[in-house]
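S.K.: What follows is a predicted structure for the sequence shown.
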Amino acid sequence: MQTKNNVMVFIQQDGGTIADVSIELVSKARELADTLGVGVDALVIGNGMKEKAQLLWGYGADNLYCYEHEKLAHFLSLPYAEVAIQAIKIYEPQIVLFGATTTGRDLAPRIASALKVGLTADCTDLQIGDHELQGKVYKNILYQIRPAFGGNIIATIVSPEKKPQMATVREGVMKISKHDPKRKGHIEVITPELKDSLFITELVKLVREEKTVNLKGAQIIVAGGAGVGSKEDFELIKQLAHVLGGEVGASRAAVDAGWISKAHQVGQTGTTVRPKLYIACGISGSIQHRAGMAESSRIIAINTDPQAPIFQVAHYGIVGDLKDVIPMFINAYKNKE
């Protein structure tokens with residue numbers, strides 16, 4: 001069993017439930033580790049997580065390091081960071097991955113700063129490759145790929161001289177692999193020593209706010225772009241989504257115009273989705289938007305421009321004014337037998 005130089009994933013949990021993004025990252029870590037010929041470590045910090053964490057074996061984890069303490073039941077920045085730093089120093093992974101969630105964006109920079117290593121935030125892809133710098137070739141390093149300059153370019157960032165290589169990864173961009181319930185691995189349960197000085201904040205009350213938008217879990221998404229024309233006309237998008245029982249999505253242009261909130265944004269700077277049906281209305285189809293929805297099972301595009309890039313990924317294309325086409329959709333659906 002290899003215990004050093006592995007790919008490590010920080011497992012985010014909330015009330016004992018492992019976050020989807022952590023399962024996505026374990027699946028991706030398995031792919032990276034296979035390329036490197038190493039193992040996958042899952043770093044689980046919490047209380048009473050030993051049994052629940054074992055499902056991660058089936059997604060590709062080899063080693064589960066469960067740091068258990070009653071004071072770690074809920075996320076607190078300082079104690080979680082201290083425990084993670086201790087674990088990284090002990091197990092010496094070459095790569096450490098975090099979800100680009102509120103928790104991950106809080107935790108990862110603290111750890112990177114303490115270890116004096118680099119950190120790439122909000123990655124949308126991860127690959128293994130070689131890099132040459134000043135005549136020196138670095139083998140099998142992590143390519144950390146993310147949008148830059150407002151999503152107008154895709155940057156590949158490397159940290160060849162410092163280990164571990166660290167990155168936060170956006171939710172939904174990595175596919176969850178098929179779970180293998182027969183796959184087993186190694187587990188260690190550790191009770192960390194926690195100094196009182198780490199607990200300068202106290203969790204007084206936990207308030208859970210229900211999400212009103214669930215693009216990741218939606219089977220049908222109707223999305224509008226700049227071609228919708230106005231906030232008032234965006235109501236057509238909402239009406240079609242309501243009739244079909246789907247969620248409302250949007251391009252960045254529609255969000256920037258103030259027609260709908262960012263929670264609805266699909267694309268590299270928004271949410272990556274894979275619904276059974278994606279209807280793109282008035283969306284030209286920039287590479288950033290297509291990257292966030294191109295893996296939908298069926299894509300219908302409605303646009304007045306027959307040369308719009310969205311038609312390159314659409315299974316069905318309608319060249320026409322969405323203000324005419326969408327009412328026809330709604331009427332046809334309502335009148336179906």
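M.R.: Yep, that arrived.
S.K.: In this structure Thr124 contacts Pro147, no?
M.R.: Yes - applying C-beta atoms under 8 Å as the test, Thr124 and Pro147 come out as touching, 6.6 Å apart. Just so you know, the C-beta spots here come from the backbone N, C-alpha and C atoms, and that holds for glycine as well.
S.K.: Need the overlap of contacts for those two.
M.R.: Residues touching both Thr124 and Pro147 by C-beta atoms under 8 Å, 6 or more residues apart in numbering: 154, 268.
S.K.: Tell me how far the residue lying closest to Thr271 once chain neighbours are set aside lies from Ala112.
M.R.: With sequence-adjacent residues excluded and distances taken as C-beta to C-beta, 6 or more residues apart in numbering, Thr271 is closest to Leu215, at 4.5 Å. Between Leu215 and Ala112 the computed distance is 29 Å (C-beta to C-beta, to the nearest Å).
S.K.: how far does stretch 106-113 sit from the chain's center?
M.R.: What separates the centre of stretch 106-113 from the centre of its chain is 18 Å, taken as C-alpha atoms, centre = their mean, to the nearest Å.
S.K.: isn't Tyr80 right up against Ala108?
M.R.: No - at 10.8 Å, Tyr80 does not count as touching Ala108 under the criterion of C-beta under 8 Å.
S.K.: which residues touch the top helix by length along the chain?
M.R.: When the chain is parsed with DSSP state H, its longest helix is helix 20-36. Contact with helix 20-36 is made by 6-13, 39-40, 42, 56, 59-62, 94-95, 97-101, 104, 126, 128, 140, 142, 169, 171-177, 216, as judged by C-beta under 8 Å, 6+ apart.
S.K.: thinking again about what came up before, the residue nearest to Thr271 contacts His264, correct?
M.R.: Yes - counting by C-beta under 8 Å, His264 is a contact partner of Leu215 at 7.1 Å.
S.K.: Give me the common contacts of these two.
M.R.: What both Leu215 and His264 touch, as defined by C-beta under 8 Å, 6+ apart, is the set 247, 249.
S.K.: What would the longest strand along the chain look like as PDB? C-alpha coordinates only.
M.R.: Secondary structure of the chain per DSSP state E: the longest strand is strand 136-148. Taking Å, rounded to 0.1, in the frame of the first residue of the first chain, the C-alpha atoms of strand 136-148 are listed here in PDB:
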ATOM      1  CA  LYS A 136      14.600  21.800 -17.500                       C
ATOM      2  CA  VAL A 137      11.800  19.200 -18.200                       C
ATOM      3  CA  TYR A 138       9.400  18.500 -15.400                       C
ATOM      4  CA  LYS A 139       7.700  15.100 -15.900                       C
ATOM      5  CA  ASN A 140       4.200  14.200 -14.900                       C
ATOM      6  CA  ILE A 141       3.000  17.400 -13.300                       C
ATOM      7  CA  LEU A 142      -0.500  18.600 -12.900                       C
ATOM      8  CA  TYR A 143      -2.000  20.800 -15.600                       C
ATOM      9  CA  GLN A 144      -4.500  23.100 -13.700                       C
ATOM     10  CA  ILE A 145      -6.900  24.400 -16.400                       C
ATOM     11  CA  ARG A 146      -9.300  27.300 -15.700                       C
ATOM     12  CA  PRO A 147     -11.000  30.200 -17.400                       C
ATOM     13  CA  ALA A 148      -9.100  33.600 -17.100                       C
END
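S.K.: need the next SSE after that strand, C-terminal direction.
M.R.: strand 153-157 (DSSP states H and E).
S.K.: got the CA positions of that next one in CSV?
M.R.: Only the C-alpha atoms of strand 153-157 are listed here, as CSV (Å, rounded to 0.1, in the frame of the first residue of the first chain):
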residue,chain,number,x,y,z
ILE,A,153,-9.4,32.6,-22.5
ILE,A,154,-8.6,29.2,-21.0
ALA,A,155,-5.3,29.2,-19.0
THR,A,156,-3.2,26.2,-18.1
ILE,A,157,-1.3,26.7,-14.9
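S.K.: so where do the strands sit in the stretch 1-150 of the chain?
M.R.: Here the stretch 1-150 of the chain has its strands, by DSSP state E, counting those that start in this stretch, at 7-11, 13-14, 17-18, 40-46, 63-68, 95-99, 119-123, 125-133, 136-148.
S.K.: Poorly predicted segments of the stretch 101-250 of the chain, please.
M.R.: Low-confidence segments of the stretch 101-250 of the chain, defined by pLDDT under 70: 150-151.
S.K.: ranges for the strands of the stretch 151-300 of the chain?
M.R.: 153-157, 165-169, 186-190, 220-224, 247-250, 277-281, 298-303.
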